[in-house]
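> I'll drop the sequence and a predicted model, then ask my questions.
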Amino acid sequence: MPTSSQTTATTHTLAIWFLTNLGGTAWLTLDFCRDSPADAMVPLIIGLVAAGLSLGAVPLAIPLFALAQHHCTAWRCRLTALAVVLLGFFASNYLIINLLPIGPVGSLLSISQPYLVTAVLAVMWVYRPRPTPKRSLVWLFKPARITRRVAIKLAGMAN
């Protein structure tokens, strides 16, 4: 049974995955459509392939984001999550360059750069500092709990 830390790490990982793929694909689409609007399907297919391939890496990243959440104090949480994203980005680019017949590294980086930028922005947003919730005055003063009932005899009252 997953703990709350694992559930939160899974939620954070999926949020970063979703925001990265959505933002990277949108950026790539805008960049392609600026030059030639007829090529709008190319970045959408690239985004679909990138989302499918990166979804396979999500289970590998969950323990690392759980580690980032476990050591979550001030900036350490953000830096650990950022290191996880950067490590994943460079490892995936290294594997793509060595396993697929892609031209120069510059052509791969021009396509993957929007995904890196949106991944960094997603980490900064998901692991942003949140203020502690303030307690209202109603909850600060709890009514006294009655522990013992005592009968009071009032003068002038008939039994």
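Ah, there it is.

> tell me the contacts of V58?
13-14, 17 (CB atoms under 8 Å, 6 or more residues apart in numbering). To be clear about C-beta, it is placed using only N, CA and C from the backbone, and glycine gets the same treatment.

> likewise T7?
By CB under 8 Å, 6+ apart, T7 has no neighbours at all.

> so which elements touch the helix or strand hosting V84?
Per DSSP states H and E, V84 falls inside helix 75-99. If contacts are counted by 3 or more CB pairs under 8 Å, 6 or more residues apart in numbering; DSSP states H and E, helix 75-99 sits against helix 4-35, helix 58-70, helix 105-126.

> any idea which of the ones you listed scores lowest on pLDDT?
Comparing mean pLDDT across the helices and strands packed on helix 75-99, the weakest is helix 58-70, with a mean of 80.

> got the angle for that one vs helix 75-99?
160 degrees (axes from the mean of the first three to the mean of the last three CA atoms, to 10 degrees).

> list the buried residues for helix 58-70?
61-62, 64-66, 68-69 (16 or more other CB atoms under 10 Å).

> could you do stretch 93-104 as well?
Neighbour counts over stretch 93-104 (16+ other CB under 10 Å) mark N93 as buried.

> tell me how far the ends of it are from each other?
12 Å (CA to CA, to the nearest Å).

> what does it rub up against?
105, 108-109, 112.

> ok, back up a step: reformat the helices and strands packed on helix 75-99 as TSV; add distance to I45.
What follows is the helices and strands packed on helix 75-99, written out as TSV (distance: least, CB to CB, whole Å):
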stretch	distance to I45
helix 4-35	10
helix 58-70	21
helix 105-126	12
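
> for L86, which of the ones you listed is the nearest?
helix 105-126 (7.9 Å; CB to CB).

> quick one: buried residues of the closest one?
111-112, 114-116, 118-120, 122-123, 126.

> which helices and strands does that helix pack with?
Under the contact criterion of 3+ CB pairs under 8 Å, 6+ apart, helix 105-126 touches helix 4-35, helix 75-99.

> the first one: which residues count as buried?
Same thing as helix 4-35. In helix 4-35, counting by 16+ other CB under 10 Å, buried: 9-10, 12-13, 16-17, 19-21, 23-25, 27-29, 32.

> ok, now the last one?
Of the residues in helix 75-99, those with enough neighbours to count as buried (16+ other CB under 10 Å) are 77-78, 80-82, 84-85, 88-89, 92-93.
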